[in-house]
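Student: what would the 3D arrangement of this be:
(one chain, ligands or ions: 1)
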Amino acid sequence: MEIQNKVAVVTGGGSGIGRGIALALAGADADVVVADVDVANAQRVVKEVEALGRRAVAFECDVTSEASVEALADFAWEYMGHVELVFNNAGIVALGRAVDTSTKDLQWSFDVNTFGVWYGSVAFARRFLQKNVKGWICNTGSESSIGVASIGTAIYCGSKHAVLGITDTLRSEYQGQIGFSVLCPGMVRTNLWDAGRHRPEKFGGQFKGDPVAEKAIQYGLDPAEVGRHVVGCVRNEEFYIFTHPHVKEVAVQRAKEIVEAMDRQWPQGAGPQHFSTLDVQKKIMEELAP
Ligand SMILES: NC(=O)c1ccc[n+]([C@@H]2O[C@H](COP(=O)([O-])OP(=O)(O)OC[C@H]3O[C@@H](n4cnc5c(N)ncnc54)[C@H](O)[C@@H]3O)[C@@H](O)[C@H]2O)c1
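Tutor: So this is what the prediction gives:
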């Protein structure tokens, strides 16, 4: 996917990985709409993008609101004239072992991490199709999307698995029309440990992040480096974008566990009655075709 002279929209662009992506896009000669619920931070990133010689504009957007994301998409086309790249990256984390967490944190996490990605994917995909633009949508998941299940992250992990599932299905649905990536980072040195700064009143209000999480995240990668890697991978049209090699072991282990379970359950292999879902879908579509 060509990056030069394209227009990109980055949600959660005011901080951390989103800021890293915005600056890397500018470094690759793209213009950027920096969208964030924290518009003051978004405006700071706009100045940094402009200092790299590219056009940028801030937009206050709450990705938990479908109307706000639709307004972002309309604004991006009106202001910039065209849009080709979208990074649905805004996200939060609420930590705690399952029995100690609240349903409100579950709702907040899915609202931002999953519904936010859904609204952004659908709003921009619909416009790409209507305008006949072969755009690219990169959704930020996590290493948790593919099986890193660290203690105290069940809610987060669930919301990020959903990001992978949604993005993977959209790439099948719009194959050849719109490109998709899922970014699955390991630890990156951002402000994610203090995500509670944005928790709305309806989900329990603001809270200060855990100092242990703050200490831990300092071991993370530089978000500027992650931003450059992401932009390079989108240029190369990668679906999965990884930042940490240890995730490979987790992926191999998960695949091995699945295959071993299948081999135990059907030691002689599956029978002829075991139609695959994709085969049935193809069969039914052929049957229903005029
Ligand atoms: N930092 C890591 O170690 C790490 C690892 C894996 C995945 N991620 C993912 O990367 C993405 C970016 O997080 P980060 O680490 O840069 O954290 P960050 O806190 O530095 O940045 C997140 C940004 O999202 C914005 N945001 C929060 N709620 C929003 C909302 N409702 N609408 C719009 N914007 C909102 C924040 O204002 C902030 O600018 C998230 O999806 C996160 O889950 C981060």
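Student: so where's this protein shaky on pLDDT?
Tutor: Along the chain, the model assigns pLDDT under 70 to no residue.
Student: and the residue lying farthest from the centre of the chain, which of the three is it?
Tutor: Distance to the chain centre peaks in the chain at Gln268, reaching 39.8 Å (criterion: Cα atoms, centre = their mean). For Gln268, the assignment made with DSSP: H, G, I helix; E, B strand; the rest coil gives coil.
Student: I'd like the numbering to begin with 60 instead of 1 from here.
Tutor: Okay, residue one is now 60; in that scheme the one you just asked about reads as Gln327.
Student: look up phi and psi at it.
Tutor: Here is the backbone geometry of Gln327 (degrees, to the nearest 10): phi -90, psi 10.
Student: from the ligand, how far out is it?
Tutor: Here the criterion is Cβ to the nearest ligand atom, to the nearest Å. By it, Gln327 lies 41 Å from the ligand. All C-beta spots, glycine's among them, are computed from the backbone N, C-alpha and C.
Student: who in the stretch 110-259 of the chain is up against the ligand?
Tutor: 120-123, 148-151, 171, 199, 201, 244, 246-247, 249-251, 254, 257 (Cβ under 6 Å from any ligand atom).
Student: can we see that at 8 Å?
Tutor: Neighbours of the ligand within the stretch 110-259 of the chain, by Cβ under 8 Å from any ligand atom: 120-123, 127, 148-152, 170-172, 175, 199-203, 215, 219, 242-251, 253-254, 256-257.
Student: give the ChimeraX command for selecting the buried subset of those residues.
Tutor: Buried residues among those (16 or more other Cβ atoms under 10 Å), as a ChimeraX selection:
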select :120,121,122,123,127,148,149,150,151,152,170,171,172,175,199,200,201,202,203,215,219,242,243,244,245,246,247,248,249,250,251,253,254,257
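Student: keep only those of the residues of the stretch 110-259 of the chain next to the ligand that are in strands.
Tutor: Thr199, Leu242, Cys243 (DSSP state E).
Student: could you measure from the nearest residue in space to Val171 that is not next to it in sequence over to Arg78?
Tutor: Leaving aside its sequence neighbours, Val171 sits nearest to Ile151 (Cβ to Cβ, 6 or more residues apart in numbering; 4.8 Å). The spacing between Ile151 and Arg78, counted by Cβ to Cβ, to the nearest Å, is 16 Å.
Student: again, but for Gly263
Tutor: 27 Å.
Student: secondary structure element holding Val116?
Tutor: strand 115-119 (DSSP states H and E).
Student: against which helices or strands is that strand packed?
Tutor: Where contact means 3 or more Cβ pairs under 8 Å, 6 or more residues apart in numbering; DSSP states H and E, strand 115-119 is packed against strand 90-95, helix 98-110, helix 125-139.
Student: mind redoing it with 10 Å?
Tutor: Where contact means 3 or more Cβ pairs under 10 Å, 6 or more residues apart in numbering; DSSP states H and E, strand 115-119 is packed against strand 66-70, helix 75-86, strand 90-95, helix 98-110, helix 125-139.
Student: any part of the third one near the ligand?
Tutor: If I follow you right, that is strand 90-95. Yes: with Cβ under 8 Å from any ligand atom as the measure, strand 90-95 is seen reaching the ligand through Ala94, Asp95.
Student: what's the offset of that strand from the middle of its chain?
Tutor: What separates the centre of strand 90-95 from the centre of its chain is 15 Å, taken as Cα atoms, centre = their mean, to the nearest Å.
Student: which strands border it, and is each parallel or antiparallel?
Tutor: strand 66-70 (parallel), strand 115-119 (parallel) (DSSP bridges).
Student: give me the distance between the first one and the centre of its chain.
Tutor: Pointing back at strand 66-70 there. 12 Å.
Student: could you dump that strand to PDB, C-alpha only?
Tutor: Extracted as PDB, the C-alpha positions of strand 66-70 are listed here (Å, rounded to 0.1, in the frame of the first residue of the first chain):
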ATOM      1  CA  VAL A  66      -4.200  10.900   4.000                       C
ATOM      2  CA  ALA A  67      -4.300   8.900   7.200                       C
ATOM      3  CA  VAL A  68      -6.700   9.000  10.100                       C
ATOM      4  CA  VAL A  69      -5.300   7.900  13.500                       C
ATOM      5  CA  THR A  70      -7.600   7.400  16.500                       C
END
